[in-house]
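Chemist: Below are the sequence and a predicted model for it; my questions follow.
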Amino acid sequence: ITNLVSMDIAANALTAAGASPAMLHCIREIPDFTPRCHAVYINVGTLSEDWLPSMRAAASAGRPWVLDPVAAAASQFRMEACLELLALPPAVVRGNASEILALAARSDSSPTFKGVDSSHDSGEVLQAAKALARSSGTVVAVSGAVDFITDGEQVISASNGVAMMQKITATGCAVTALIAAFVGADPSDALAAAACALAIFGLAGEIGMESAKGPASLRMHLIDALYGLDEQTVTSGVKIALLP
Ligand SMILES: Nc1ncnc2c1ncn2[C@@H]1O[C@H](COP(=O)(O)OP(=O)(O)OP(=O)(O)O)[C@@H](O)[C@H]1O
Ligand SMILES: Cc1ncsc1CCO
Ligand SMILES: [Mg+2]
């Protein structure tokens, strides 16, 4: 269940990576469909009163699930929805630095709020991410120039990616969808799944950037690169480290 802006890029990124996405958000369909998924992805980017009950039901369907708290501080309604969903709890929550900071502070009143874009660097909010992971019992992933992934104790950094990825709308939403696919593939280790998905998506961005002329062609080449990845390219290209 993802926002209307991200549906296309998220479904195409997932399909290119070998997953099998299906997007639906009608409350009448959730009880039949969701129990048959390997993993559920919920993204509040274009939240509405109609969709929230579907999100609740999908998050409670007993499948591993992943939350993208897009612009969590946009409104009181959205912050309360995010905190309610977080309590269900997801296997992973992935946001940009401002989103993770707002969730950790449970606050929708940041003076630096910039909508769906971040006004903080990922490294600045590492302590908030660890605190959020501990208080909600979930893996927290903060994206940025360096992605940080933590369960509240261990912290993994993933340093792949190119800055131009921020100029394509909904790349964050797409990488959270990929995290859900990786969690579906191995629900026993959400920390590793999230770190691998972020590193591999960033690597696809690096490879795509070799042929791109700007954001629109990067979007195309990133999806092509995801499709073309093989084990050798991944194992030699990912930059993942366990922080001391
Ligand atoms: N400066 C950067 N250098 C390298 N990679 C980056 C940089 N900024 C973001 N990325 C990568 O871009 C992807 C999207 O992260 P970002 O933090 O921009 O998400 P977001 O703000 O939630 O995006 P959106 O709301 O548009 O979906 C991630 O894979 C991240 O690693
Ligand atoms: C631009 C935008 N607005 C709501 S969701 C979204 C996609 C990036 O998060
Ligand atoms: Mg986002």
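Modeler: Ah, there it is. Residues are numbered from 1 along each chain as shown. Ligands and ions are numbered 1, 2, ... in the order given.
Chemist: can you map out the helices along the protein?
Modeler: For the chain, the helices defined by DSSP state H occupy 7-16, 30-33, 51-59, 76-86, 97-105, 126-136, 171-185, 190-209, 215-228, 231-237.
Chemist: Do you know the pLDDT at the most centrally placed residue in the chain?
Modeler: For the chain, the residue nearest the mean C-alpha position is Thr176 (2.2 Å; CA atoms, centre = their mean). Looking at Thr176, its pLDDT is 99.
Chemist: can you pull the contacts of it?
Modeler: Counting by CB atoms under 8 Å, 6 or more residues apart in numbering, Thr176 touches Tyr41, Asn43, Val66, Leu67, Asp68, Arg94. C-beta here means a position set from N, CA and C on the backbone, and glycine is covered the same way.
Chemist: Determine whether any part of stretch 5-20 lies close to ligand 2.
Modeler: Yes. Counting by CB under 6 Å from any ligand atom, ligand 2 is contacted by stretch 5-20 at Val5, Ser6.
Chemist: Which residues are in contact with the residue of the chain found nearest ligand 3?
Modeler: Nearest residue of the chain to ligand 3: Gly172, at 3.4 Å (CB to the ion). Residues in contact with Gly172 (CB under 8 Å, 6+ apart) are Asp68, Val70, Arg94, Gly95, Asn96, Ser143.
Chemist: same check, this time on Glu153
Modeler: Going by CB under 8 Å, 6+ apart, Glu153 touches Lys130.
Chemist: Report the separation between it and Pro187.
Modeler: 19 Å (CB to CB, to the nearest Å).
Chemist: try Asn96
Modeler: Look at Asn96 and Pro187: by CB to CB, they are 25 Å apart.
Chemist: These two: who's more crowded?
Modeler: The neighbour comparison of Asn96 against Pro187 (other CB atoms under 10 Å) goes to Asn96, with 26 against 14.
Chemist: surely that one meets Ser143?
Modeler: Yes. Contact criterion CB atoms under 8 Å: Asn96 and Ser143 qualify, at 5.5 Å.
Chemist: How many residues are close by the closest residue to ligand 2 within the chain?
Modeler: The nearest approach of the chain to ligand 2 comes at Gly45, 2.8 Å away (CB to the nearest ligand atom). Using other CB under 10 Å, the number of residues around Gly45 comes to 20.
Chemist: Out of the contacts of Thr176, which sit inside strands?
Modeler: Using DSSP state E, the members of these that fall in strands are Tyr41, Asn43, Val66, Leu67, Asp68, Arg94.
Chemist: Pull out the buried members of these.
Modeler: Buried subset of the ones in strands among the contacts of Thr176 (neighbour count, 16 or more other CB atoms under 10 Å): Tyr41, Asn43, Val66, Leu67, Asp68, Arg94.
Chemist: so what's the fifth one bridging to?
Modeler: On the basis of DSSP bridges, Asp68 is bridged to Asn43.
Chemist: Number of residues surrounding the closest residue to Glu124 other than its chain neighbours?
Modeler: Leaving aside its sequence neighbours, Glu124 sits nearest to Ala97 (CB to CB, 6 or more residues apart in numbering; 6.2 Å). For Ala97, the neighbour count with other CB under 10 Å is 22.
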